[in-house]
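A.B. asks: Just to be clear, the model below is a prediction. Sequence and coordinates:
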Amino acid sequence: MAFDLPALPYSTNALAALGMCQETLELHHGKHHQAYVTALNGFVEKNAALAGKTLEDIVHLSHNNAEMAPVFNNAGQHWNHILFWQAMSPTDGGRIPGKLEQKITADFGSVTQFKDAFKAAAVSQFGSGWAWLVLAADGKLKVTKTPNGSNPLATGEGKVLLACDVWEHSYYLDFRNRRPDYVQNWLDKIANYEFAASRLG
Ligand code: MN3
């Protein structure tokens, strides 16, 4: 069973007015994400241990396995991008539903403190990687970061509510080298907090 590139849940120009241009989304979805899917399918074809496994299974079984590092990188990136596309909204970006706002305020002190923590994680991730809002096992919201293709599924850091790609291909056309501006804009105008709230359970 081959893995597929999921369709974007909006058009490639849907986020342009919000700070993520059509060319960024076309390349990011159609080239970068597609390349991870294609590479992953190539590994699955050649490795009987991966046959018939779910994406989540493959992330777990390839994590911290030196021989399977290329499998982990591509499986992780496929999983991460599936969440990333859903974690952005062309219509409600930046609007935090009451239920989630209460939880954020309880666990971080305020929405501003949450955004500052998220931005600090995203900016301090040296090189490529991801920033995450997760619901940790203790029931609290936490901000975390991972390098390259890793994610909280692999590290066991909690259930992902928001995924922000901080690889340069996410922001270089729109923000050049200014990752802090990309992340602030993403949190304020693009992040899909309805999606995050729906995953709170
Ligand atoms: Mn990416």
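C.D. replies: Perfect, thanks for sending it.

A.B. asks: partners of the spatially most central residue of the chain in the sheet?
C.D. replies: Centroid-nearest residue in the chain, with CA atoms, centre = their mean: residue 163, separated by 3.0 Å. With DSSP bridges as the criterion, residue 163 is bridged to residue 132.

A.B. asks: from memory it sits against residue 79, does it?
C.D. replies: No. Look at residue 163 against residue 79 with CB atoms under 8 Å: they stay out of range, at 9.3 Å. Every residue, glycine included, has its C-beta placed from N, CA and C.

A.B. asks: overlap in contacts of the two?
C.D. replies: Residues touching both residue 163 and residue 79 (CB atoms under 8 Å, 6 or more residues apart in numbering): residue 151.

A.B. asks: mind giving me the domain split of the chain?
C.D. replies: Here the domain parsing of the chain from automatic domain parsing is 21-86, 98-200.

A.B. asks: Now do the end-to-end distance for the first one.
C.D. replies: In this case it means domain 21-86. With CA to CA, to the nearest Å as the measure, the first residue of domain 21-86 is 17 Å from its last.

A.B. asks: roughly how far out does it sit from the chain middle?
C.D. replies: 13 Å (CA atoms, centre = their mean, to the nearest Å).

A.B. asks: what does stretch 184-193 give?
C.D. replies: 13 Å.

A.B. asks: How about stretch 112-125?
C.D. replies: Distance, stretch centre to chain centre, for stretch 112-125: 15 Å (CA atoms, centre = their mean).

A.B. asks: Just the buried positions in that stretch, please.
C.D. replies: Under the neighbour-count criterion of 16 or more other CB atoms under 10 Å, stretch 112-125 has 114-119, 121-123, 125 buried.

A.B. asks: how far away is the residue nearest to the centre of the chain from the ion?
C.D. replies: Distance, residue 163 to the ion, by CB to the ion, to the nearest Å: 10 Å.

A.B. asks: quick one: that residue and residue 98, what's the gap?
C.D. replies: From residue 163 over to residue 98 the distance is 22 Å, taken as CB to CB, to the nearest Å.

A.B. asks: again with residue 77
C.D. replies: Distance, residue 77 to residue 98, by CB to CB: 34 Å.

A.B. asks: Of the two, which one has the most company?
C.D. replies: Applying other CB atoms under 10 Å to residue 77 and residue 98 shows that residue 77 carries more neighbours, namely 26 against 8.
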